[in-house]
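Q: just coords:
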């Protein structure tokens, strides 16, 4: 069982940066696939980034602007977001999975945080 708590969201202007954090509890953290997803109003939840088996993966809209990282000793996951755009406005969710397959698919993740709101003004 894994519990996840996100933090770091807020209201920023276009072009600004923001770092999201996700604190995890539970065992085997270092072996889990960890991901970030987001959901904008009226849209489906979409894949943002993931760290799995030593590799990182990004959704097409954030590649080059967002960076995912993790600290296994602290059981923390991070998402550094640079050059933010109004289109990045969404609730951002941290997710965890013991599987390394289909990591861009949200149904592969059984554990989710409550989400943190990111709003980017133009």
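A: Now that the structure is in, tell me what you want to look at. Note that this is a predicted model, so its numbers are computed, not measured. Numbers count the residues shown, from 1 in each chain.
Q: for the one residue sitting closest to the centre of the chain, give me its contacts.
A: Residue closest to the average C-alpha location in the chain (CA atoms, centre = their mean): residue 36, at 2.1 Å. Neighbour list for residue 36: 20, 22, 48-50, 68, 77, 79, 92-95 [criterion: CB atoms under 8 Å, 6 or more residues apart in numbering]. For the C-beta atoms, the positions are set from N, CA and C on the backbone; glycine is no exception.
Q: what's opposite residue 78 in the beta bridge?
A: Per DSSP bridges, the residues bridged to residue 78 are residue 21, residue 69.
Q: hmm, it is touching residue 21, no?
A: Yes - contact criterion CB atoms under 8 Å: residue 78 and residue 21 qualify, at 5.6 Å.
Q: hmm, back to that, so which of the contacts of residue 36 comes closest to residue 114?
A: Using CB to CB, residue 93 comes nearest to residue 114 of those, at 8.0 Å.
Q: that closest one touches residue 45, doesn't it?
A: Yes - using CB under 8 Å, residue 93 makes contact with residue 45 at a distance of 7.2 Å.
Q: compare those two and say which one has the larger neighbour count.
A: Taking other CB atoms under 10 Å, residue 93 and residue 45 do not tie; residue 93 has more neighbours (23 against 16).
Q: figure out the helix or strand that that one lives in.
A: Using DSSP states H and E, residue 93 maps to strand 90-97.
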